[in-house]
Structure formats: C-alpha cells, structure tokens
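1. predicted coordinates and the sequence they were generated for:
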Amino acid sequence: MAHEVYQLKSEGDYEIIDVNQMQWAPEESQVLEIARDQVYQGNLLLVNKDYPVHQEGVKSDVVNLIQHKELVKGYGLLDDRIRLSQGVAQKFLQMVQAAEKDNVRHFLITSGYRDEEKQSQLYQDKGADFALPAGHSEHNLGLALDIGSTLSDMNQAPEGKWLQKNAWKYGFVLRYPKDKKDITGIEYEPWHFRYVGLPHSKIMQEKNFTLEEYLSYIKEKKNIGGTIGGMEYEVSYYSVSSKKSVKVQANRYEISGDNMGGVIVTAFADENARIRQDK
C-alpha cells in the first residue's frame with residue numbers, strides 16, 4: 001500500500017497512522033485475543049496519583065537523544081541527559097519541521113523520560129501542585145516531554161502558541177491545560193505535552209478534553225467513529241478482567257490499555273472500518 005495513504009495533505013504533511021505502532025490484519029477480519037496485561041501498555045495510559053506506571057507500560061524504545069543526532073534537528077536539548085521514546089522523538093521532529101515552515105523555530109526539550117529516582121527528587125523540589133510522586137508521572141512512561149522556547153516562557157513564546165494550535169495534528173496534547181486542575185490534579189503547565197496519537201489527539205482538541213475526560217468519554221460511549229484525512233476510524237472500549245476476544249473488520253488497528261482496567265482498540269480503513277466484540 002502506498003505511503004500516501006497515511007497522509008492528510010489538506011492539513012500539512014503529517015501521518016494519520018503511526019506505522020511503527022500499527023498492527024496489520026487480513027483484509028476481511030481478524031479475532032484479537034487481548035490479555036489482561038494489555039491494560040497496562042500503549043499510548044493512552046492514564047498515569048496520575050491514582051494510577052501508577054506498570055513496568056510493562058514503559059516504552060521499550062527510550063533512548064538518550066544526544067546519541068541520536070538524526071532525531072535532534074531544528075531544536076535544542078537542555079542538557080545531554082534528555083531521554084525519550086524514539087518513536088515519540090520522531091513525531092516531535094516531524095512537528096518541529098512543520099513549525100519551521102511557519103517560521104517558528106526556537107524549540108527546546110527540557111525534560112523527557114525520567115526514572116523513579118529523578119522523579120522522586122523533582123516531587124520533593126516542586127511539590128504536589130506541579131509534580132507527581134515517583135511511579136505516578138507520565139515522564140516515567142517515555143510518552144511525555146516538557147517543551148520550552150529559547151525566546152521566552154511558553155505562555156508568551158511563539159512556540160507555545162503554535163503548539164496549542166497545532167500539536168494535535170502530530171498526536172500530542174497539552175496534558176495539563178488551564179482551568180482543569182480539578183480534573184488532572186496538576187496546575188496549568190504550558191510546557192508539558194503528552195503523545196497519545198491520532199485520532200485521539202484530534203478528538204481531545206475538538207472537545208477540549210483532558211486525557212481523564214477522554215478516557216471516561218470512550219468508556220461511556222463504548223464506540224465512537226469519524227473520518228480523518230479520508231480514512232474512517234472507529235475507537236472501541238472493552239473492559240478486560242481476563243482474556244477477551246475482539247473481532248476487527250479492518251486491516252489496520254492499534255491497541256492501548258487505559259491503565260484502569262480497560263482496553264481501547266482503534267481501527268482504520270479507507271471506508272467502513274468496523275470493530276465488534278466476538279460473540
């Protein structure tokens with residue numbers, strides 16, 4: 001299948017589907033056997049004071065960015081210890097390159113993946129309003145990063161304004177937005193972005209959802225769908241207490257747990273993608 005299938009040209013050259021995360025099924029359908037441990041893996045994991053990181057949820061492709069020059073182009077690093085999921089770093093690079101076309105080019109990654117020791121120290125330094133205990137931070141997953149600007153703070157910088165408008169196109173969301181502390185438990189952080197992937201970031205942007213709100217919405221609706229870049233998608237929620245069979249009638253799909261007892265299956269097709277639980 002040609003690579004152009006994955007591009008949404010009308011909104012810029014970015015991928016609708018992350019082919020590195022994508023799983024492929026036969027064209028007709030496939031029955032997926034979803035195990036309990038899938039609840040703790042994937043790009044949609046909720047991690048906060050109530051739901052800790054499970055070891056299987058930590059991204060396996062975390063790298064030190066300074067050792068991967070091909071990933072560090074058009075932006076700076078605060079120091080030579082910044083680590084991040086390689087897949088997320090590739091998406092970030094794609095996003096930075098798009099921003100440069102809009103003459104926004106002063107990005108800086110100030111923090112990425114943190115081990116528990118580093119997170120514990122940060123929690124002691126900043127307190128509960130601006131940090132989470134070790135094992136309860138998205139930074140412990142490899143999916144979150146703090147983004148700065150070499151011009152000014154992110155509230156004022158062109159980089160911050162550009163991200164708030166465009167980050168969703170590349171699968172990123174502003175994780176701790178204004179006026180949502182009662183939901184997230186964390187004060188507004190204009191620098192903290194989380195990778196969730198498309199179409200989830202698009203839906204969250206349109207509905208002004210935090211990740212907590214989005215996951216609750218999917219759980220309540222059980223099944224939502226739409227179209228993005230000429231591709232139909234369908235997002236389905238399944239509660240998983242033991243192994244579960246799910247029939248996918250689409251040949252491209254992604255699976256993510258929510259870290260709370262459920263699994264989200266996202267299927268894509270050029271037309272009429274459908275997912276249903278195997279009876």
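-> Perfect, thanks for sending it.

2. tell me where the stretch 51-200 of the chain has helices.
-> Remark: helices assigned in the stretch 51-200 of the chain by DSSP state H, counting those that start in this stretch are 86-101, 116-126, 158-166, 181-184, 200-207.

3. mean pLDDT for the ones you listed: which is lowest?
-> Ranked by mean pLDDT, the helices of the stretch 51-200 of the chain end with helix 116-126 at the bottom, a mean of 67.

4. can you give me the pLDDT of the closest residue to residue 53 other than its chain neighbours?
-> In this structure, residue 53 finds its nearest non-sequential neighbour in residue 140, 4.6 Å apart by CB to CB, 6 or more residues apart in numbering. From N, CA and C alone the C-beta is placed, and that goes for glycine too. On the pLDDT scale, residue 140 is placed at 92.

5. wait, residue 140 sits on residue 45?
-> No. Counting by CB atoms under 8 Å, residue 140 stays clear of residue 45, with 10.5 Å between them.

6. shared neighbours, those two?
-> Counting by CB atoms under 8 Å, 6 or more residues apart in numbering, the common neighbours of residue 140 and residue 45 are residue 53.

7. would you confirm that residue 37 contacts residue 56?
-> Yes. Using CB under 8 Å, residue 37 is in contact with residue 56, at 5.8 Å.

8. how about low-confidence regions in the protein?
-> 1-29, 116-120, 122-125, 129-132, 134, 251, 270-279 (pLDDT under 70).

9. could you verify my assumption that residue 227 touches residue 233?
-> Yes. Judged on CB under 8 Å, residue 227 makes contact with residue 233 at a distance of 7.3 Å.

10. neighbour count for these two, which is higher?
-> Neighbour count, other CB atoms under 10 Å: between residue 227 and residue 233, residue 233 has more, with 27 against 11.

11. what comes up buried for the helix or strand where the more buried one lies?
-> For residue 233, the host element (DSSP states H and E) is strand 231-239. Under the neighbour-count criterion of 16 or more other CB atoms under 10 Å, strand 231-239 has 231-238 buried.

12. same check on stretch 90-101?
-> Buried residues in stretch 90-101, counted by 16+ other CB under 10 Å: 90-96, 98-99.

13. same thing with stretch 136-147?
-> The neighbour-count check on stretch 136-147 (16+ other CB under 10 Å) flags 136-147 as buried.

14. would you map the strands across the stretch 1-150 of the chain?
-> Counting by DSSP state E, counting those that start in this stretch, the stretch 1-150 of the chain has strands at residues 23-24, 30-34, 62-64, 75-77, 83-85, 107-111, 144-149.

15. now find how far off-centre the longest one is within its chain.
-> So the one you mean is strand 144-149. When distances are taken as CA atoms, centre = their mean, to the nearest Å, strand 144-149 is centred 14 Å away from the chain's centroid.

16. with the fourth one instead?
-> Averaging C-alpha positions (CA atoms, centre = their mean) puts strand 75-77 20 Å from its chain's average.

17. what's it in contact with?
-> Strand 75-77 is contacted from outside by 65-66, 92-93, 96, 107-109, 150, using CB under 8 Å, 6+ apart.

18. ok, now the fifth one?
-> The list of residues contacting strand 83-85 from outside it, by CB under 8 Å, 6+ apart, reads 59, 61-65, 92, 109, 112-113, 142-143, 145, 195.

19. run the last query once more with 10 Å
-> Outside strand 83-85, the residues that touch it by CB atoms under 10 Å, 6 or more residues apart in numbering are 43, 58-68, 71, 77, 89-92, 109, 111-115, 118, 139, 141-145, 195.

20. drop anything exposed from those.
-> Neighbour-count burial (16+ other CB under 10 Å) is assigned, among those, to 43, 58-59, 62-63, 65, 71, 77, 89-92, 109, 111-114, 118, 139, 141-145, 195.

21. returning to what we had before: residue 257 is nearest to which of the strands of the stretch 1-150 of the chain?
-> Of all the strands of the stretch 1-150 of the chain, it is strand 30-34 that lies closest to residue 257, at 9.1 Å by CB to CB.

22. in its sheet, what does the closest one sit against?
-> strand 244-249 (antiparallel) (DSSP bridges).

23. list the buried residues of the strand it pairs with.
-> For strand 244-249, the neighbour count (16+ other CB under 10 Å) marks 244, 246, 248-249 as buried.

24. tell me the angle of it relative to strand 231-239?
-> Angle, strand 244-249 to strand 231-239, by axes from the mean of the first three to the mean of the last three CA atoms, to 10 degrees: 170 degrees.
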